[in-house]
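In: Pasting a predicted model and its sequence here:
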Amino acid sequence: MNDINTITGSRHPTHYWHILDDGRVQCDLCPRLCRLKEGQRGLCFVRARENDAIILTTYGRSSGFCVDPIEKKPLNHFLPGSSVLSFGTAGCNLTCKFCQNWDMSKSREMDILADQASPQQIAKAAKQLGCRSVAFTYNDPVIFHEYAIDIAQACHQLDIKTVAVTAGYIMPEPRAEFFRYMDAANIDLKAFTDSFYKSLCGAELDKILETITYVKHETDTWMELTNLLIPGKNDSDEEIDRMTKWVVENLGHDVPMHFSAFHPDWKMQDIPATPEQTLKKARRIAMENGVHYAYTGNVSDTVGGSTYCHGCGGKVIERNQYQLGEWHLDASGHCQSCGTQIPGLFDGPPGTWGARRQPVRLSAM
């Protein structure tokens, strides 16, 4: 636990906590169940005990905003080609040694929170910038639960959709409230062994699978999964085989899966980058096991990045990383060749944002 005296920021009340018999306050947001004395904060860094309650210390503050292609989240079946206003805060409730956004998620300094914005300002900015959605990303939005939900409500008032990019490490009650407001989610299924989650992420596989199953069967949230393949850690044929069979058996054939390339970072800089062939093999195994929509990510692979109709096998969306090419869907997402409905959210013609990345300062708008 850490001392709250080093925290600055916007303190905001939270809902999921209770006082224990020994006087400590337990945070009930995620399975860590941090038990805090006065002045301490949890492992996530941003939820802290103050005056016998748990507060969120980063409400209204961001590590920065950027307009991205929605495919970067990655989401391939949710308003393809559209732009999304992306942002994160600080901290995380996992301890992934391979974190690709460690400068934000592992931050113990509040000075990275350079932009301040109310939920209403974020929604209005997204509308002004022409974004169809707002994404909570870069660090896990579970830990800024109250802020994310307030933003989602403000966005929905302006017909802006919301996207959660998350590891899914959250308790059942806050999970139900959180995903009630999320239109789409990309959930990291980081591996398919508990030993990987415990040793490299400080989490539990079964808790992640519970969230994934819940989102698929108990919510209206559109969900896609990402599996970052790390050489020698979670990239064996056997593990990918078990994972993709579990997906089909428990979620069905139509949940898209993204197999993404690892690049050395944070505390795993001694591990080489993922070979492209590993990604292609994972995609092949997934499709052989019945996953209709399997993709390669973080590499230039038009075949592995494109969408093919599961009815006739024809290419319906061509992609080279974040750039769209051929398009063979009607306005509501049916294959123009055979009429098969492609699962996801397709609302009219594809967007034209492309692969651009545009940093934004809301304070300057």
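Out: Cool, the structure landed.

In: tell me which element the spatially most central residue of the chain falls in.
Out: For the chain, Val165 is the residue whose C-alpha lies nearest the centre (CA atoms, centre = their mean; 1.2 Å). Using DSSP states H and E, Val165 sits within strand 161-166.

In: if you count residues, which strand in this structure comes out on top?
Out: The strand of greatest length in the chain, counted in residues with DSSP state E as the criterion, is given as strand 222-229.

In: ok, back up a step: could you verify my assumption that the residue nearest to the centre of the chain touches Thr137?
Out: Yes. With the criterion set as CB atoms under 8 Å, Val165 and Thr137 qualify as a contacting pair; they are 4.0 Å apart. Any C-beta I mention is one placed from the backbone N, CA and C, and that applies to glycine too.

In: Which residues are in contact with each of the two?
Out: Applying CB atoms under 8 Å, 6 or more residues apart in numbering, one finds that Val165 and Thr137 are jointly contacted by Lys73.

In: for the stretch 151-300 of the chain, which spans come out with low pLDDT?
Out: The stretch 151-300 of the chain contains residues with pLDDT under 70 at 266-268.

In: With just CA atoms, put the strand holding Val165 into PDB.
Out: Presented in PDB, the C-alpha positions along strand 161-166 are these (Å, rounded to 0.1, in the frame of the first residue of the first chain):
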ATOM      1  CA  LYS A 161     -20.800   5.700 -28.200                       C
ATOM      2  CA  THR A 162     -18.300   4.500 -25.600                       C
ATOM      3  CA  VAL A 163     -15.600   1.900 -25.800                       C
ATOM      4  CA  ALA A 164     -13.700   0.100 -22.900                       C
ATOM      5  CA  VAL A 165     -10.300  -1.300 -23.500                       C
ATOM      6  CA  THR A 166      -9.800  -3.400 -20.400                       C
END
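
In: okay, the angle between it and strand 222-229?
Out: Between strand 161-166 and strand 222-229, the angle comes out at 30 degrees (axes from the mean of the first three to the mean of the last three CA atoms, to 10 degrees).

In: Adjacent strands (with direction) for the longest strand of the chain?
Out: In its sheet, strand 222-229 lies beside strand 184-188 (parallel), strand 257-261 (parallel), with partners assigned from DSSP bridges.

In: for the stretch 251-365 of the chain, what spans make up the helices?
Out: When assigned using DSSP state H, counting those that start in this stretch, the helices of the stretch 251-365 of the chain occupy the ranges 276-288, 302-305.

In: An error on my part: the question was meant for the stretch 51-200 of the chain.
Out: Secondary structure of the stretch 51-200 of the chain (DSSP H, counting those that start in this stretch): helices located at 102-105, 119-129, 145-157, 172-180, 194-196.

In: Run the chain-centre distance for the next helix or strand after the shortest one.
Out: Counting by DSSP H and E, the next helix or strand C-terminal to helix 194-196 is helix 205-218. Once both centres are worked out by CA atoms, centre = their mean, to the nearest Å, helix 205-218 turns out to sit 14 Å from its chain's centre.

In: which residues sit against helix 205-218?
Out: Around helix 205-218, the neighbours that count as contacts under CB under 8 Å, 6+ apart are 31, 167-170, 172, 175-176, 179, 185, 187, 189-194, 196-197, 221, 223, 225, 246, 250-252, 255.
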